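Visitor: coords below, sequence missing:
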């Protein structure tokens with residue numbers, strides 16, 4: 001993140017890293033008292049700061065625990081919690097999460113749990129209109145609650161279809177949880193050290209749990225003509 005304290009104009013150019021998502025390059029005009037937050041890891045963006053005249057900016061990063069610290073803790077067995085189980089172990093090499101309560105990525109998910117949040121928010125209008133379908137008193141045909149644990153709308157809709165080689169129409173017709181599964185799955189692989197260029201024709205097992213979705217019913221009631229594309 002960069003806080004622009006003072007400047008006489010200029011511009012900040014953001015461009016994707018070689019191993020990052022297929023972000024578009026963007027040029028932002030510089031102005032005083034502005035905070036710019038962007039993802040700057042290997043999956044994110046790099047930048048070029050070009051101010052005019054006298055200028056002052058404050059830059060900071062939100063960092064993960066250094067890998068060498070994690071390796072040292074593992075080597076010295078400096079671990080909190082219950083004792084390790086004996087017998088065969090499966091190594092978890094990479095993890096990524098996306099849960100309600102801003103539980104996007106592992107540390108954010110842990111922070112949400114540690115803070116004791118219930119993740120409940122008022123149902124956003126993009127899901128359904130509480131003014132129409134909610135009643136505080138029990139009424140047949142209406143919901144008695146207007147709160148729920150929901151992902152942020154941006155975490156569902158902001159999908160980079162080009163990164164995954166999916167055309168725009170198919171991306172629109174995909175169930176939201178399928179798009180989320182692709183994003184979270186790739187980030188878990190990335191956290192394990194794999195890169196997109198190395199994963200083509202890579203042989204591995206993929207196991208998914210699916211408890212169902214209302215998406216097919218929504219499309220049916222809308223009467224849309226879907227192009228069903230099944231992998232197999």
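Guide: Nice, thanks for sending it over. All values reported here derive from a predicted model rather than from experimental measurement.

Visitor: Per-residue pLDDT of the nearest residue to residue 9 once chain neighbours are set aside, please?
Guide: Spatial nearest neighbour of residue 9, excluding adjacent residues (C-beta to C-beta, 6 or more residues apart in numbering): residue 52 at 4.5 Å. For every residue, glycine as well, the C-beta is placed using N, CA and C. Predicted confidence (pLDDT) for residue 52: 91.

Visitor: Do I have it right that residue 33 meets residue 4?
Guide: Yes: contact status for residue 33 versus residue 4: in contact at 7.0 Å, counting by C-beta atoms under 8 Å.

Visitor: more neighbours, the two?
Guide: Legend: neighbour count by other C-beta atoms under 10 Å for residue 33 and residue 4, higher for residue 4 (21 against 9).

Visitor: if we look at the helix or strand containing residue 110, which residues are touching it?
Guide: For residue 110, the host element (DSSP states H and E) is helix 106-114. Outside helix 106-114, the residues that touch it by C-beta atoms under 8 Å, 6 or more residues apart in numbering are 64, 95-97, 99, 101-103, 119.

Visitor: Which of those residues are buried? Put it as a ChimeraX command.
Guide: Listed next is the ChimeraX selection for buried residues among these, using 16 or more other C-beta atoms under 10 Å:
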select :96,97,99,101,102,103,119
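
Visitor: List just the nearest of the contacts of helix 106-114 to residue 154.
Guide: residue 102 (10.9 Å; C-beta to C-beta).

Visitor: Quick check: the gap between the residue nearest to the closest one when sequence neighbours are not counted and residue 39.
Guide: Nearest residue to residue 102 in three dimensions, chain neighbours excluded: residue 108, at 5.8 Å (C-beta to C-beta, 6+ apart). Distance, residue 108 to residue 39, using C-beta to C-beta, to the nearest Å: 13 Å.

Visitor: Report the secondary structure state of residue 5.
Guide: At residue 5, secondary structure determined by DSSP: H, G, I helix; E, B strand; the rest coil is strand.

Visitor: which residues touch it?
Guide: Taking C-beta under 8 Å, 6+ apart as the criterion, residue 5 is in contact with 32-33, 56-58.

Visitor: For the chain, just list every one of the strands.
Guide: Using DSSP state E, the strands found in the chain span residues 2-6, 10-16, 26-29, 34-36, 45-51, 56-59, 98-99, 103-104, 120-122, 147-149.

Visitor: so which of those strands gets nearest residue 183?
Guide: For the strands of the chain, the distance to residue 183 is smallest for strand 98-99, at 7.6 Å, taking C-beta to C-beta.

Visitor: how about stretch 107-121: buried residues?
Guide: Taking 16+ other C-beta under 10 Å as the basis for neighbour counts, the residues of stretch 107-121 that come out buried are 109, 112, 119.

Visitor: Quick check: the gap between the second one and residue 118.
Guide: Think residue 112. Separation of residue 112 from residue 118 (C-beta to C-beta): 10 Å.

Visitor: Residue 50 too?
Guide: Residue 50 sits 45 Å away from residue 118, taking C-beta to C-beta as the criterion.

Visitor: Can you tell me what sits against the biggest helix by length in the chain?
Guide: Secondary structure of the chain per DSSP state H: the longest helix is helix 176-191. Counting by C-beta under 8 Å, 6+ apart, the neighbours of helix 176-191 from elsewhere in the structure are 42-43, 93-98, 105, 151, 155-157, 159-160, 164, 171, 196, 199, 206, 208, 210, 213, 215.
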